[in-house]
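1. What would the 3D arrangement of this be:
(one chain, ligands or ions: 1)
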Amino acid sequence: MKAVTTSGRELTLTQAAVDGVRTRVRGPVLLPGGAGYEEARTVWNAMIDRRPAIVVRCLGTGDVIAGVRFAREHDLLLCLKGGGHNIAGLATADSALMLDMSLMRGVWVDPDRRVAHAQAGCLLGDVDRETQVHGLAAVLGFVSATGITGLTLGGGFGYLTRRFGWTSDNVVGMDVVTAEANLVRASAEENPDLFWGLRGGGGNFGVVTGIDYALYPVGPEVVGGVVAWPASEAPRVLELYRTLAEEAPPELTLVALMRPAPPAPWLPKDMHGKPIVAILACYTGAPQEGLKAVAPIKSFGNPIGDMVMRRPYAHMQSLLDATQPKGRRYYWKSEYLPTIEPALCDMVIRHAERIQSPHSAVILFQIGGALNAREADHSPVGNRDARYVLNVTAAWERPEEDATHVAWTREAWDDMKAFSTGGTYINFLTEDEGNERIAAALGTGLGRLANVKAAWDPENVFRTNRNIVPA
Ligand SMILES: Cc1cc2nc3c(=O)[nH]c(=O)nc-3n(C[C@H](O)[C@H](O)[C@H](O)COP(=O)(O)OP(=O)(O)OC[C@H]3O[C@@H](n4cnc5c(N)ncnc54)[C@H](O)[C@@H]3O)c2cc1C
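-> Now for the predicted structure:
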């Protein structure tokens, strides 16, 4: 069987070698053409079409250790798949050995210590489901099918970020299998340099097998949902967004977006496919306060749809899922913003008018709050001046339309990047974004990360990621 080494050299794996890995792991070992291989090799973004040589679906830490050993013995290129949601497809690589963590989805909650231990293959929804049993929540993202590990290793933001910081600011510890195939603990007390690097430096330093998250009382009900207006109302609605977001308490997170209306039951049929402007709101404090906080949005102008209401937190966490299915073609451009300037709103409107796919959008996420209060080097996520995230998101189905939608995204970004802090989110970088953008995402932390890389992975075994070259 054809495979590649870490340096890209072709190599042939004998049947005996493949049989050898089968005897060493508990989980399924999948090969091209075999059952389960296609599902395992594909990732969320259909623009990515790569074929690993072997997929090991790990069932536990023992399988991860065996997988890393096998890769080291044959000098095989290794890739690691969590939720497979990375837009650049970093979870998969041609002719590599893939360690697929997606069968490792256990979550254990200690309500007294307010800590959850989640296995590395968990999706966000797995953690929310178990922590909400105790009225607790971890700081996670907006779409429940996203993998926890990729999200956390790159930073992570969601409805609780304004109160508690980046997801990675709220990690208590991680279990990691190193390049030497040893299991180590990374926390403030144990291997603190590795712990620092993992909280934003991506999967550069080892295979994470489990993550411990700090938990906070949230829910079971929050106030949240979306209010939508016709795009003709966008100048007034975006001005409302700007004003409300600047004054919003940390419990309230506001997201503004412009896109063609999806065929959602809460929107009138005759508006489906027509351009809209919308505000997504979520108040994670007491629901009575939440209803007051969202009142100015609900009563503004003449909305065509309003589904902001009291709802279970876990439901809020999956509200956007249907808009982001696996298997479409996706291309994004993203920047952190220090504030929302009126001139930026004009550009959002202008570029939203030019959207050519029913699934594309321009989105402004609000994240400012607790993350701004921490020291710049608290974790390598950095970007402590970021208060909003601009994401220009194209999504479509047909490969022959790639050039059209990529061009729209790039043109919109070209115009709007002048409003950036200069930083960008590493987890939103696309396949064609290189070292310059990694540097923009990691800023001054990059040098220190190179030292952590030299200490923990000097041979760069973990390289199918936003790769940090060892110092
Ligand atoms: C629809 C959608 C919504 C999103 N929403 C948000 C959001 O609200 N907030 C936010 O912050 N981000 C969000 N993201 C971005 C998200 O954080 C990244 O896509 C992230 O990479 C997803 O993690 P994953 O485990 O699914 O990734 P994968 O594609 O599986 O992996 C991504 C990277 O993580 C590494 N990795 C995976 N597993 C391990 C492991 N066990 N050990 C070490 N390294 C590992 C891989 O090598 C790869 O480099 C969203 C993405 C999508 C597609």
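
2. For Leu344, give its distance to Thr6.
-> 43 Å (Cβ to Cβ, to the nearest Å). In short, each C-beta sits where N, CA and C put it, glycine included.

3. ok, now Lys417?
-> Noted for Lys417: a distance of 34 Å to Thr6, by Cβ to Cβ.

4. Return the residues of the protein in contact with the ligand.
-> Taking Cβ under 6 Å from any ligand atom as the measure of proximity, the chain contacts the ligand at 43-44, 80-87, 90-91, 101, 120, 141-143, 146-147, 149-151, 153-158, 202-203, 207-208, 324, 427, 464-465.

5. Among these, name the ones in strands.
-> Leu80, Lys81, Val207, Val208 (DSSP state E).

6. Counting neighbours, what do you get for Ile426?
-> 26 (other Cβ atoms under 10 Å).

7. who touches the residue lying closest to it once chain neighbours are set aside in this structure?
-> Counting by Cβ to Cβ, 6 or more residues apart in numbering, the nearest residue to Ile426 once its immediate chain neighbours are dropped is Ala441, at 3.8 Å. Contact analysis of Ala441 by Cβ atoms under 8 Å, 6 or more residues apart in numbering lists Asn383, Gly423, Thr424, Tyr425, Ile426, Leu429, Arg466.

8. So the second one lies in a helix, does it not?
-> Looking back up the chat, that one is Gly423. No. Gly423 is assigned coil when assessed by DSSP: H, G, I helix; E, B strand; the rest coil, not a helix.

9. what's it in contact with, if anything?
-> Gly423 makes contacts with Glu335, Tyr336, Gly382, Asn383, Asp385, Ala386, Ala440, Ala441, Gly443, as judged by Cβ under 8 Å, 6+ apart.

10. Now for the residues you listed: which two are most distant?
-> In terms of Cβ to Cβ, the contacts of Gly423 reach their longest pairwise distance at Glu335 and Gly382, which sit 14.5 Å apart.

11. Val21 in helix, strand or coil?
-> helix.

12. List the contacts of the closest residue in space to Arg24 that isn't next to it in sequence.
-> Nearest residue to Arg24, sequence neighbours excluded (Cβ to Cβ, 6+ apart): Ala66, at 4.1 Å. Ala66 sits next to Val21, Arg24, Val25, Val56 when contact means Cβ under 8 Å, 6+ apart.

13. Any quick PyMOL command for the buried ones out of those residues?
-> Here is the PyMOL command that selects the buried residues among those (16 or more other Cβ atoms under 10 Å):
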select buried, resi 21+25+56
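
14. Glu411 and Ala343: what is the separation?
-> Glu411 is 17 Å from Ala343, by Cβ to Cβ.

15. which one of these two has more residues nearby?
-> Glu411 (14 against 10).

16. Could you double-check that the more buried one sits in contact with His351?
-> Yes. Using Cβ atoms under 8 Å, Glu411 is in contact with His351, at 7.2 Å.

17. Nearest residue to the residue nearest to the spatial centre of the chain in space, ignoring adjacent ones along the chain?
-> The residue lying closest to the centre of the chain (Cα atoms, centre = their mean) is Leu151, at 4.0 Å. Computed as Cβ to Cβ, 6+ apart, the closest residue to Leu151 that is not its neighbour in sequence is Gly141, at 5.4 Å.

18. quick one: that neighbour and Leu160 touch, right?
-> No. Gly141 lies out of contact with Leu160 (Cβ under 8 Å); the separation is 9.9 Å.

19. next helix or strand past the helix or strand encompassing Trp229?
-> Using DSSP states H and E, Trp229 sits in strand 221-230. Under the assignment DSSP H and E, the closest C-terminal helix or strand after strand 221-230 is helix 234-247.

20. what angle separates that next one from strand 221-230?
-> Relative orientation of helix 234-247 versus strand 221-230 (axes from the mean of the first three to the mean of the last three Cα atoms, to 10 degrees): 150 degrees.

21. packing partners for whichever helix or strand comes after helix 234-247?
-> Remark: after helix 234-247, the chain's next helix or strand is strand 252-260, criterion DSSP H and E. Taking 3 or more Cβ pairs under 8 Å, 6 or more residues apart in numbering; DSSP states H and E as contact, the helices and strands that strand 252-260 lies on are helix 161-164, helix 234-247, strand 275-283, helix 287-298, helix 342-352, strand 361-366.

22. and Lys333, how far is that from Thr409?
-> For Lys333, the distance to Thr409 equals 5 Å [Cβ to Cβ].

23. Likewise for Leu390?
-> Leu390 sits 12 Å away from Thr409, going by Cβ to Cβ.

24. repeat for Asp212
-> Counting by Cβ to Cβ, the separation of Asp212 from Thr409 is 37 Å.

25. One more: Thr323?
-> Distance from Thr323 to Thr409, by Cβ to Cβ: 17 Å.

26. And these two? Which one has more around it.
-> A count of neighbours by other Cβ under 10 Å puts Thr409 above the other of Thr323 and Thr409, at 24 against 15.

27. helix/strand/coil for Lys326?
-> coil.

28. nope, Trp408 is what I meant
-> Trp408 falls in the helix class when you classify it by three-state DSSP.

29. What separation do you get for it and the ligand?
-> Distance of Trp408 to the ligand, given as Cβ to the nearest ligand atom, to the nearest Å: 19 Å.
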